[in-house]
Every structure is written in structure tokens, then in C-alpha cells.
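>>> quick one, structure for this:
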Amino acid sequence: MKYMKLPVEIEAFRIGFDSAPDWFTDRVTDKTITLLPDSEAGHGHETMCDIHTLEGVMRGDHGDYIIKGVKGEIYPCKPDIFEKTYEPAV
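Predicted coordinates for the structure are as follows:
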């Protein structure tokens, strides 16, 4: 049997490219997310992160989308997968 994803609205930003939203910085403050320096980005910019989830720690690399899901869960997504899965909301 085949299934399609239901249309749901999520919030996301691209780490290292976009400004971090409040929901992300709140999770850094409560230590759910740990910012890491990205040596490839140069100058020690913190453009990588470890996200502590129920499934374990997930790494968000420079350029990944960081998503806040429908239940408030936070997780990273590679750009190619994000662009095949999501489109801007109107």
C-alpha cells in the first residue's frame, strides 16, 4: 500500500544561512541543543549543532534545515530531502 504525507505546516531555518528563531535559541538555552563550531565554515562560527531527541543525539551540519515539527520536536534535515518534502506556506 502507498501513502502520502498529510499537508502540515512546520517551522524551519537553514543553519549557517538564516537567523536562528526564538524556538531554536530557547532550546540552546535549556541545553536541548548544543552549538558546535564548524571548522569548514571558518572563523569558528557556530554553524553546527547536536540536537538531543528521544531517539538520541542528531547532528545538524552547516547548511542543514533545522525543523520544528507539529508537536514541537526539533530535528535536522539535509537540504535535498527538505526541498523534495516541503514548499513555502502561503
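>>> give me phi/psi at D50?
Note on D50: backbone dihedrals following degrees, to the nearest 10 are phi -110, psi 130.
>>> please name the nearest non-neighbouring residue to it.
Excluding the flanking residues, the one nearest D50 by Cβ to Cβ, 6 or more residues apart in numbering is T34, at 4.5 Å. From N, CA and C alone the C-beta is placed, and that goes for glycine too.
>>> what's the helix or strand for that neighbour?
Secondary structure from DSSP states H and E places T34 in strand 33-36.
>>> contact partners of that strand?
24, 27-28, 46, 48-52, 74 (Cβ atoms under 8 Å, 6 or more residues apart in numbering).
>>> which residues touch F82?
F82 is in contact with 12, 65, 67, counting by Cβ under 8 Å, 6+ apart.
>>> got those as CSV, with neighbour count, secondary structure and distance to P88 columns?
Output for these, formatted as CSV (neighbours: other Cβ atoms under 10 Å; DSSP: H, G, I helix; E, B strand; the rest coil; distance: Cβ to Cβ, whole Å):
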residue, neighbour count, secondary structure, distance to P88
A12, 19, strand, 10
Y65, 22, strand, 12
I67, 20, strand, 14
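>>> what's the closest of those residues to A20?
A12 (11.3 Å; Cβ to Cβ).
>>> doesn't K68 make contact with the closest one?
Yes: assessed by Cβ atoms under 8 Å, A12 is found in contact with K68 at 7.0 Å.
>>> quick one: low-confidence ranges for the chain?
Applying pLDDT under 70 to the chain flags the ranges 38-46.
>>> strands along that one, start to end?
Assigned strands in the chain, in chain order: 11-14, 33-36, 48-53, 56-60, 65-68, 74-77 (criterion: DSSP state E).
>>> K2 is nearest to which of those?
strand 74-77 (22.0 Å).
>>> if anything else comes up later, I'll come back, but that's it for now.
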